[in-house]
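Novice: with the input below, show me the fold.
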Amino acid sequence: KKGSIVKKQSLKNGVTQYTLSNGVKVQVKPATFKEDQVALKGISRGGLMQLPEADVIDGRFATDLVYEAGMGPFSSTQFDKFMADKNAEIYQTIYAETEQIKGISSVKDLETLFQLLYLSFTQVKTDTLAFQAYVQRMQMLMQSEENNPITALLDSAYMAMYQAHPIKKRLTADDIKQLDYAKALQIYQQRFANAADFSFAVVGNVDLDAIEPLLEQYVATLPAQKDREKLTHPVLAISGKKTVHFTTDMVQPVTTFYACNHIKGHFSNKQTLAYKLLSDILDIVYTEKLREEQGGTYSVSADIAVKQLPQPAAYMTILFRTDSAKIANLTPIIYDELGKIAAQGPRAEDLQKVKEHAKKVYADQQIANGYWLNRLVDAQFYGKDSQANYLRDLEKITAKDIQKVAKTLLNSPNLKEIIQVGVSK
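Specialist: Numbering: from 1, shown residues only. From the prediction side, this is the model:
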């Protein structure tokens, strides 16, 4: 039995919002950025942080196991054959703080996309043979990863940041040996049991008259309740400084520097943008100092991002690889250059360069389905459109704004430094 559209509203940016009879809201933006593409996304609070710690590992495998069993009346192999002549796909993921569903299709196969969405919420298959085959494959893969030097680095980083909490730690062959198939499927069903708790958007070459019957047939009939979840078991990055230096035997020795830091707080859109610009400035400065002047590394990455979940905070990571003989000279440069920006502000030419780049990226994004899909979903999910005044906020950012956020990060008491020194076997 079909559901119905109970409310239809015209919003900014050519967006139409539908409220359906089961309480689900869907925002639709017709766009011809790509002539033969329609993209869909839904996101809901909860994720692995809704689970007791003992169930987290099962939850991390849940969406894989659902996929392995097939969809609707089809096994995984049968489903692949059924979809061979159709241009539509959908995939679900249970993240630490959210569960999400994303899909894409051609214009012709839009109904197939909505059918896949419906099946993702309503039908979960069990296939013991597929489960056993998956476990065997994953055990072999995870066992092979044990000898990869990057594994030791990841383990050290997760331990320093999260004390190897099961939500954050690297999955191992031992984890999959203890996997509870029934529990994993149950967790999936729980996480996708309330479509009304999701923020949905559709962007692409769609006609509203054509999509409305699909919303009534496949979205208004999804299971939904009035309840809205909040995170019950938030896993936060550990406070305090920590330094971890260790050696790893390698066939071709390389030394890896990894630093991470975070500062808690509620940040405005302008402050969030300032952190992003600082990240881009550090990329310029570190490339100049570590690569061009010191010849110490091929590339260095600095990333700073503000996240709202599980708790509002700005997170910084810095990563580069070098020779063991050079690490002692390069490491102080990382902190010295951040300190210079905190003390004096960025160089004028660097700030101008990253602002011009940001304007170009923003202009390119205006004609991209993916950008609008994320913007619409995030605005619903977080209750505000952080991109609404992007260019105005960008124009207002000064060197002092960059200096201020650099100082905040420099003075944060939560720096974790991990250095893995490769030595010949």
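Novice: quick check: closest non-adjacent residue to the residue nearest the centre of the chain.
Specialist: Nearest to the geometric centre of the chain sits Tyr95, at 8.0 Å (Cα atoms, centre = their mean). Nearest residue to Tyr95 in three dimensions, chain neighbours excluded: Gly47, at 4.9 Å (Cβ to Cβ, 6 or more residues apart in numbering). Where C-beta positions appear, they are placed from N, C-alpha and C, glycine not excepted.
Novice: which SS state does Gly422 fall under?
Specialist: Recorded secondary structure, Gly422: strand (DSSP: H, G, I helix; E, B strand; the rest coil).
Novice: show me what contacts it?
Specialist: For Gly422, the contact set (Cβ atoms under 8 Å, 6 or more residues apart in numbering) comprises Pro149, Thr247, Thr248, Asp249, Met250, Gln252, Pro253, Val254, Thr255, Thr256, Ser324.
Novice: just the buried residues of the residues you listed.
Specialist: Pro149, Thr248, Met250, Pro253, Thr255, Thr256 (16 or more other Cβ atoms under 10 Å).
Novice: sorry, back to before: got phi/psi on the residue nearest to the centre of the chain?
Specialist: phi -90, psi -180 (degrees, to the nearest 10).
Novice: do I have it right that it meets Leu48?
Specialist: Yes. Look at Tyr95 against Leu48 with Cβ atoms under 8 Å: they come within range, at 7.1 Å.
Novice: now do the contacts for Glu35.
Specialist: Contacts of Glu35 by Cβ under 8 Å, 6+ apart are Val107, Asn205.
Novice: poorly predicted segments of the chain, please.
Specialist: By pLDDT under 70, the chain has no low-scoring segment.
Novice: what about the strands in the stretch 251-400 of the chain?
Specialist: Under the criterion DSSP state E, counting those that start in this stretch, strands of the stretch 251-400 of the chain are mapped to 255-264, 300-307, 313-322.
Novice: quick one: contacts of the second one?
Specialist: Applying Cβ under 8 Å, 6+ apart, the set of residues contacting strand 300-307 from outside is 267, 271-272, 275-276, 278-279, 282-283, 286-287, 290-291, 312-320, 409.
Novice: buried ones only from these, please, as a PyMOL command.
Specialist: This is the PyMOL syntax for the buried subset of the contacts of strand 300-307, where burial follows 16+ other Cβ under 10 Å:
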select buried, resi 267+271+272+275+276+278+279+282+283+286+287+290+291+313+314+315+316+317+318+319+320+409
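Novice: please, where are all the helices along the stretch 201-350 of the chain?
Specialist: Using DSSP state H, counting those that start in this stretch, the helices of the stretch 201-350 of the chain run over 208-214, 269-286, 327-344, 348-365.
Novice: tell me which residues in the last one are buried?
Specialist: Which is helix 348-365. Asp350, Leu351, Val354, Lys355, Ala358.
Novice: which one of these is nearest Tyr181?
Specialist: Ala358 (46.8 Å; Cβ to Cβ).
Novice: just give the closest residue to that closest one, not the sequence neighbours.
Specialist: Going by Cβ to Cβ, 6+ apart, Ala358 has Leu394 as its nearest residue, at 5.8 Å.
Novice: list the residues that contact the one you found.
Specialist: Contacts of Leu394 by Cβ under 8 Å, 6+ apart are Leu273, Lys355, Ala358, Lys359, Tyr362.
Novice: now for these, which pair is the farthest apart?
Specialist: Leu273 and Lys359 (11.8 Å).
Novice: just the angle between the helix or strand where Thr408 lies and strand 313-322, please?
Specialist: Following DSSP states H and E, the helix or strand that holds Thr408 is helix 399-410. Helix 399-410 and strand 313-322 are oriented at 80 degrees to each other (axes from the mean of the first three to the mean of the last three Cα atoms, to 10 degrees).
Novice: from the contact counts, what lies against helix 399-410?
Specialist: strand 255-264, helix 269-286, strand 313-322, helix 327-344, helix 348-365 (3 or more Cβ pairs under 8 Å, 6 or more residues apart in numbering; DSSP states H and E).
Novice: mind listing what's buried along that helix?
Specialist: Asp401, Ile402, Gln403, Val405, Ala406, Lys407, Thr408, Leu409, Leu410.
Novice: what of stretch 206-218?
Specialist: Val206, Ile211, Glu212, Leu214, Leu215, Glu216, Gln217, Tyr218.
Novice: what sits up against that stretch?
Specialist: 2-5, 16, 18, 20, 26, 28, 30, 38, 107, 110-111, 114-115, 117-118, 202.
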